[in-house]
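**Q** show me how the following folds:
(one chain, ligands or ions: 2)
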Amino acid sequence: MQIKVPASSANLGPGFDSIGMAVSLYLTLDVLEPSDEWVIDHDFDDLPHDQSNMIIDTALKIKADLPPRHLKMQSAIPVAHGLGSSSSAIVAGIELANVLGKLQLSNDEKVAIACEIEGHPDNVAPAILGGLVIGTNVNGHFDAIQAPLLPYALAAYVPAYNLKTADARAALPTSLTLKQATHGSAIANVLVAGLFANRYDLVGELMEADEFHEQPRAKLVPELAKIREVGHEAGALATYLSGAGPTVMTIIDKQGIPRFKQLLLQAGLSDPLLEIEPDTEGVQVID
Ligand SMILES: Nc1ncnc2c1ncn2[C@@H]1O[C@H](COP(=O)(O)OP(=O)(O)O)[C@@H](O)[C@H]1O
Ligand SMILES: N[C@@H](CCOP(=O)(O)O)C(=O)O
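**A** Ligands and ions are numbered 1, 2, ... in the order given. You can find the predicted model right below:
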């Protein structure tokens, strides 16, 4: 049996900690034979191979008496790069507990559990549900709703350096003025309305008008401003900091990507540019 989990690109600009999109990079987890101890094979130097691995740790948080298995994990999701690698591990762990423990969890239950672990829904909710998802917690429960996807391709600029989410969150202010909070929230509100009204140009403009997190994080990801400028020249709809970075996501017509890539190189930006697209399936179990 195999569990397949998509990466996720969170925030989409002003949707900080609330809006996220599943994207076509995947973690796969092969559930192999029973074992005396939990063992997970993978090729990531910095990740553990025992039950301290986030995938197994998450599964045991949900069902502590799961009998140990030999697992094999492969992932195209760069770790600590703003593409939801930690969330993909959490969601894989929830699904592992769900299947091995025969829990029959609903998607809403998976989302609620994942949000409680991660603390915010904008990676785990799209990784579970697929598509573009908007969520938050209210009165002690998390809820997430899918919104229409933008009919565009995605180009993810992936700098070589890592940026742990915790470090990028430490760069944020602890408070905002009422004016900043209400205006930043209003921008996100109109972005969501624009998604349902197919007002793509307005959505693109609002995606680049975040007032919560991109400015204080700009010093950690100096490429963002330049990529956004090059994106405008290439006719992209929008460019935003993917999650906590350093990945920078550009929403662009597929046929515009080659010229975008060429303009980035001319601007001295030569790190990998991944041509991806939204994922619409979310977490899958493949027998
Ligand atoms: N495939 C994986 N398997 C197990 N743990 C993982 C995996 N991917 C990420 N993690 C855990 O998540 C941490 C990175 O989380 P974070 O800083 O939030 O980065 P990201 O922006 O990629 O989510 C890693 O240090 C590791 O502990
Ligand atoms: N809203 C969070 C999103 C973190 O996403 P990740 O892919 O970097 O884990 C934040 O911006 O801190």
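**Q** quick one, domains of the protein?
**A** 2-148+279-286, 153-276 (automatic domain parsing).
**Q** of those domains, which is nearest ligand 2?
**A** domain 153-276 (2.5 Å; C-beta to the nearest ligand atom). C-beta coordinates here come from the backbone N, C-alpha and C atoms, glycine included.
**Q** next one: the longest helix belonging to the chain to chain centre, how far?
**A** In the chain, assigned by DSSP state H, the helix with the most residues is helix 178-196. Helix 178-196 has its C-alpha centroid displaced from the chain centroid by 20 Å (C-alpha atoms, centre = their mean, to the nearest Å).
**Q** can you list the buried residues in that helix?
**A** 184-185, 187-188, 190-192, 194-195 (16 or more other C-beta atoms under 10 Å).
**Q** point me to the residue of the stretch 101-250 of the chain nearest ligand 1.
**A** Counting by C-beta to the nearest ligand atom, the stretch 101-250 of the chain gets nearest ligand 1 through Thr165, at 3.3 Å.
**Q** give me the number of residues near that residue?
**A** If you count neighbours by other C-beta atoms under 10 Å, Thr165 ends up with 21.
**Q** then Arg228?
**A** Going by other C-beta under 10 Å, the residues that sit close to Arg228 add up to 18.
**Q** please begin residue numbering at 53 from this point
**A** All set: I'll call the first residue 53, so the last point we hit is now Arg280.
**Q** for it, which non-adjacent residue is spatially closest?
**A** Thr291 (4.1 Å; C-beta to C-beta, 6 or more residues apart in numbering).
**Q** any idea of the mean pLDDT in the longest strand along the chain?
**A** For the chain, the strand that runs over the most residues, judged by DSSP state E, is strand 71-86. Mean per-residue pLDDT for strand 71-86: 98.
**Q** the helix or strand just after that strand pairs with which strands?
**A** Next helix or strand after strand 71-86 toward the C-terminus (DSSP states H and E): strand 91-93. Partners of strand 91-93 in the sheet, by DSSP bridges, are strand 121-127 (parallel).
**Q** list the buried ones in the strand it pairs with?
**A** Neighbour-count burial for strand 121-127 flags 121-123, 125, 127 (criterion: 16+ other C-beta under 10 Å).
**Q** could you dump these to JSON lines with distance to Asn191 and pLDDT?
**A** Putting the buried residues of strand 121-127 into JSON lines (distance: C-beta to C-beta, whole Å; pLDDT from 0 to 100) gives the following:
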{"residue": "Arg121", "distance to Asn191": "37", "pLDDT": "98"}
{"residue": "His122", "distance to Asn191": "42", "pLDDT": "98"}
{"residue": "Leu123", "distance to Asn191": "37", "pLDDT": "98"}
{"residue": "Met125", "distance to Asn191": "36", "pLDDT": "98"}
{"residue": "Ser127", "distance to Asn191": "35", "pLDDT": "98"}
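**Q** out of those residues, who's near ligand 1?
**A** Restricting the buried residues of strand 121-127 to those within reach of ligand 1 (C-beta under 6 Å from any ligand atom) leaves 125, 127.
**Q** helices along the stretch 153-302 of the chain, start to end?
**A** Counting by DSSP state H, counting those that start in this stretch, the stretch 153-302 of the chain has helices at residues 159-170, 173-181, 217-222, 230-248, 252-259, 266-269, 275-285.
**Q** how about the residues of the chain by ligand 1?
**A** 79, 99, 105-107, 125, 127, 131-139, 141, 216-217, 295-296.
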